[in-house]
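Student: Sequence below, structure please.
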Amino acid sequence: MNRFLLTLPLLFVLACDEFDPALYQAAEDGVQLANSCAEDSLPVMVPDGEFFRVNLETLSDNWQVDNCTADGARGNEGFFAVEIEADRRYHFHVNAIDVVDPIVYVVDSCDERVCQALHTASDCASDREHLSFIAPRDGRYFIGVDGTDDGGGMVEILAVAPNCGNGDKEHSEACDDGNDEDGDGCSASCRLEIERSGREGREPNDDFISANFLMLDSESVFSVRGNVQSPCDPEMYALQPPSDGNLSLRVLGPGGDPCDGITPETTLELELFEGLESIARHRAAPGECPELLDEPVTAEDGDGNPVEYFARLISKGNDIPEVEYTLELTLTP
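Tutor: Modelled structure (predicted):
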């Protein structure tokens, strides 16, 4: 298959290694990305789920993207485009072969002023980054591959548009049981479901797309156990409140006791999102556990649709040990 088409002027998405190794295949060589984000001259990629190999050393650092990424992007960068359908999931993944700390981001314009942080994967020092992306509209989107260090190196790049519900677990899918039903352990959006309080979170669950779905019911207290392995491995949970009320979230010790077992050098941050919008955040002091108390939540929006919230727990800093925890959620109607 000819993965790239040379475009003519008329031609116009927090990461780690939690996905099944069987998803990774040998990469093809000889692909050349554009050296700058120019909308009328980018190669257009078909997201067919096959890795291709690119040497960033043949490119240069000529696009200022500090406002697109959490880090200064000093490395050589390359660009390609993808024709994207609204409300469909796409996944972009970069593996570093040589010594390089990669960054991958998605923008809907080559105007640097429109970059959005939630469309960027550059959260930690790692030899791989992945980004899942759901576009708000149809159109051509632009993917940049960069690095936090000077220069470049060889990287492998993948773009895929997984089909949730076809029974084939693909990149960005935590599960795929071949149907579009909720409540059977794998949700209609291919998230792993935590059916009952007191169970353990399940990997992968490190971004909005693959967050474990907590099946809250009329019970006012729900808890889930987990393990923050590193700053590159945030823990993400999705939930839909069964009723309006105030939601409190507390991070406890692994046994549900008051916070214990947290080393003095560990800093944990707990954040609550309504959709993709952050509405509350608490970064605890080193060695302590964060909590968010009495945050107002609603069960439905003005059109009667369920409102989805996300809780994210992440560790901050370098060389942070693993942290076992219990996340307790209390909904007060």
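
Student: pLDDT weak spots in the protein?
Tutor: Low-confidence segments of the chain (pLDDT under 70): 1-31, 63-72, 112-124, 218-219, 260-261.

Student: Determine which residue lies closest to the centroid of it.
Tutor: For the chain, the residue nearest the mean C-alpha position is D207 (3.4 Å; CA atoms, centre = their mean).

Student: Distance check, that one against C164.
Tutor: 15 Å (CB to CB, to the nearest Å). For glycine as for every other residue, the C-beta is placed from the backbone atoms N, C-alpha and C.

Student: Wait, the residue nearest to the centre of the chain touches S132, no?
Tutor: Yes. Counting by CB atoms under 8 Å, D207 touches S132, with 5.7 Å between them.

Student: which residues touch the closest residue to I209 other than its chain neighbours?
Tutor: Once flanking residues are discounted, I209 sits nearest to S132: 3.8 Å by CB to CB, 6 or more residues apart in numbering. Contacts for S132 were tallied using CB atoms under 8 Å, 6 or more residues apart in numbering; they are V13, R89, Y90, H91, S172, D207, F208, I209, S210.

Student: Looking at these, which one is closest to N62?
Tutor: V13 (23.4 Å; CB to CB).

Student: in the stretch 101-250 of the chain, which spans are helices?
Tutor: Applying DSSP state H, counting those that start in this stretch to the stretch 101-250 of the chain gives no helices.

Student: roughly how far apart are the residue nearest to the centre of the chain and E39?
Tutor: 27 Å.

Student: Using CSV, write out every CA atom in stretch 134-142.
Tutor: Extracted C-alpha coordinates of stretch 134-142, given in CSV (Å, rounded to 0.1, in the frame of the first residue of the first chain):
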residue,chain,number,x,y,z
ILE,A,134,-10.8,12.5,18.9
ALA,A,135,-11.4,15.4,16.6
PRO,A,136,-14.3,17.8,17.0
ARG,A,137,-14.7,18.1,13.3
ASP,A,138,-13.9,16.5,10.0
GLY,A,139,-10.8,17.8,8.2
ARG,A,140,-7.1,17.6,7.7
TYR,A,141,-5.0,17.6,10.9
PHE,A,142,-1.3,18.0,11.2
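
Student: And the contacts of that stretch?
Tutor: So stretch 134-142 is contacted by 11-13, 37, 39, 42, 44, 79-90, 106-110, 133, 209 (CB under 8 Å, 6+ apart).

Student: Just the ones of those in strands?
Tutor: Judged by DSSP state E, these include V44, F79, F80, A81, V82, E83, I84, R89, Y90, V106, V107, F133 as members of strands.

Student: Between those, which sits nearest L216?
Tutor: Closest to L216, out of all of the ones in strands among the contacts of stretch 134-142 and judged by CB to CB, is R89, at 23.9 Å.

Student: Can you tell me, leaving aside adjacent residues, what's nearest to G287?
Tutor: Counting by CB to CB, 6+ apart, the residue nearest G287 is P264, at 4.2 Å.

Student: likewise H91?
Tutor: S172 (3.9 Å).

Student: list the contacts for that neighbour?
Tutor: Counting by CB under 8 Å, 6+ apart, S172 has contacts R89, H91, H130, S132, V160, P162, I209, S210.

Student: and the third one, bridged to which residues?
Tutor: For H130, the residues forming beta bridges with it (DSSP bridges) are H93.
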